[in-house]
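>>> Test case, fold it:
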Amino acid sequence: MDNPAWRSIVPCMDQDCDILIIGGGLNGPALALAAARSGLRSIVLDALPADTRSAPDFDGRAYALSLASTRLLDKLGLWESLAADAQPMNEIKVSDGRVSDARVFFGLHFDSAEIEEGPMGQMIEDRHLRRALQDALEAEPLTAQRSGVTVIAQETGPAGANVTLADGTVLRARLLVGADGRNSGAATRAGVRRTGWPYGQTALVCAIAHERPHGGIAHQLFLPPGPLAILPLTGNRSSIVWSERDAAARAIHALPDADYLDVLRPRFGDFLGPIELAGKRHLYPLSLSLAKSFVAERLALVGDAAHGVHPIAGQGLNAGLRDVAALAHVLDHAARRGEDVASSLVLDRYQQWRRFDTATLAAATDLFNRLFSNDNPVLRLGRDIGMAAINAAPTLRRGFLREAAGLTGDLPDLMKP
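Numbering: from 1, shown residues only. Below you'll find the predicted structure:
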């Protein structure tokens, strides 16, 4: 893995590599590290400055990592450094409620003990995960990163691919990967079209501190304007992902902290005692956005560049990391067979693997949001009957648990036990 020749050419960024990854968020660096396990050399191109990515302050953002995602991070050598800052999710409680009278109508209860593989997932703060990825990139001789750069053009052909940066630098590679979000420039420049629609909802995201311990329990409360997720962090803190209608969300976000909490409290309840903000507040308009193709000539899309779904199930990052694991799997097996890792035959294998899973996830999250984000009494009765049936059927409950833990379907090598 430690290639002295590659180590010597990394600082000179106009040299060739195997993979140029456009996007330095979470999926891009993870893919570079995964590809390095196969001896593939990567350069990650990040539009943000390095000090922005590595800021140590907690900004309120956190992620629910499935068990399969933590396996991936473990095999990349990251989990040992992350474990101390991670909060296991031991249980999930799902409730159907209404803000006006603070009533909860019915609930589901999932316990990790039912799948007998440990916690179904882990909560990790954005700052810890980003720092671990950045440190690993710097330590890996087969990866390099250029921060604060903008890609203005890209070309692909039988001989390879190249990108042009705003400063005129041209970088060449065998394969391009777009990991640059829902408005992916890599996809747009390749002519990949998208389909989707806005939900008319906006997510308010923050972290709160509370008096009582959460016990490692994640809560999903369905309210008529949209779902409210209360996800456990280390200590007496929780991450909040709170969906409201667009206009209401903007108005709430504009309030001072004290008034913001006054709006949150009747939705949150008092089961964890008094609450206060424990980080910055964020606002994210919600929509469905799916690329019509996950691949093009010498190009593969991962993460939100391929699929952006509603956060109702907390699967956005997990789906992206599954893309990373699947693409790394396909590239590794192709390299072992001596194939061109950027050929259409190889990239089609990746697309066939991921298209069905992501289409199913998008359809499920879209359906759940439409079914639960209302106060229609007929729909409320139907969904409460449905939850009661799941609660009464251990096999169904375990199926949902394994799905949430990322353990269903054909697992890539990096996500296997």
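>>> Going by C-alpha atoms from here, please, whenever you check contacts or count neighbours.
Fine.
>>> Arg355 - that's part of a helix, no?
Yes - looking at Arg355 with DSSP: H, G, I helix; E, B strand; the rest coil, it is inside a helix.
>>> Now do the closest residue to it other than its chain neighbours, the pLDDT please.
Excluding its sequence neighbours, the residue lying closest to Arg355 (C-alpha to C-alpha, 6 or more residues apart in numbering) is Phe294, at 7.5 Å. Phe294 carries a pLDDT score of 98 in this model.
>>> shouldn't Phe294 be in contact with Gly303?
No - the criterion here is C-alpha atoms under 8 Å, and Phe294 misses it with Gly303 at 10.0 Å.
>>> Just checking, which helix or strand succeeds the least confident helix or strand in the chain by mean pLDDT along the chain?
None of the helices or strands of the chain scores lower by mean pLDDT, DSSP states H and E than helix 4-9, at a mean of 32. Remark: after helix 4-9, the chain's next helix or strand is strand 17-22, criterion DSSP states H and E.
>>> number of nearby residues for Asp51?
10 (other C-alpha atoms under 10 Å).
>>> tell me the SS of it?
Asp51 - assigned by three-state DSSP - is helix.
>>> residues contacting Ser69?
Asn318, Leu321, Arg322, Gly406, Met415 (C-alpha atoms under 8 Å, 6 or more residues apart in numbering).
>>> ditto for Val324
For Val324, counting by C-alpha under 8 Å, 6+ apart, the contacting residues are Asn27, Ala30, Leu31, Ala34, Val302, Gly303.
>>> Could you do Leu272 as well?
Applying C-alpha under 8 Å, 6+ apart to Leu272 gives the contacts His210, Glu211, Arg212, Pro213, His214.
>>> Over to Leu381?
By C-alpha under 8 Å, 6+ apart, Leu381 has no neighbours at all.
>>> what is the rounded mean pLDDT of the one helix or strand it maps to?
If you go by DSSP H and E, Leu381 is part of helix 377-391. If you average the pLDDT over helix 377-391, you get 72.
>>> Can you mark which positions in it are buried?
Arg380, Arg383, Asp384, Met387, Ile390, Asn391 (16 or more other C-alpha atoms under 10 Å).
>>> okay, the residue lying closest to Leu411 once chain neighbours are set aside: pLDDT?
In this structure, Leu411 finds its nearest non-sequential neighbour in Ala326, 7.9 Å apart by C-alpha to C-alpha, 6+ apart. Note on Ala326: pLDDT of 98.
>>> Gly191 too?
97.
>>> Helix, strand, or coil at it?
Going by three-state DSSP: Gly191 is coil.
>>> That one and Ala218, how far apart?
40 Å (C-alpha to C-alpha, to the nearest Å).
>>> ok, the two, which is more surrounded?
Ala218 (24 against 11).
>>> Identify, from the contacts of Leu272, the entry nearest to Asp357.
Comparing those against Asp357 with C-alpha to C-alpha places His214 closest, at 32.1 Å.
>>> ok, now which ones touch that closest one?
Pro232, Asn236, Arg237, Ser238, Leu272.
>>> mind checking the SS state of the first one?
Secondary structure, three-state DSSP: Pro232 is strand.
>>> so the nearest residue to it once chain neighbours are set aside is in which element?
Nearest residue to Pro232, sequence neighbours excluded (C-alpha to C-alpha, 6+ apart): Ser238, at 4.5 Å. Using DSSP H and E, Ser238 maps to strand 237-245.
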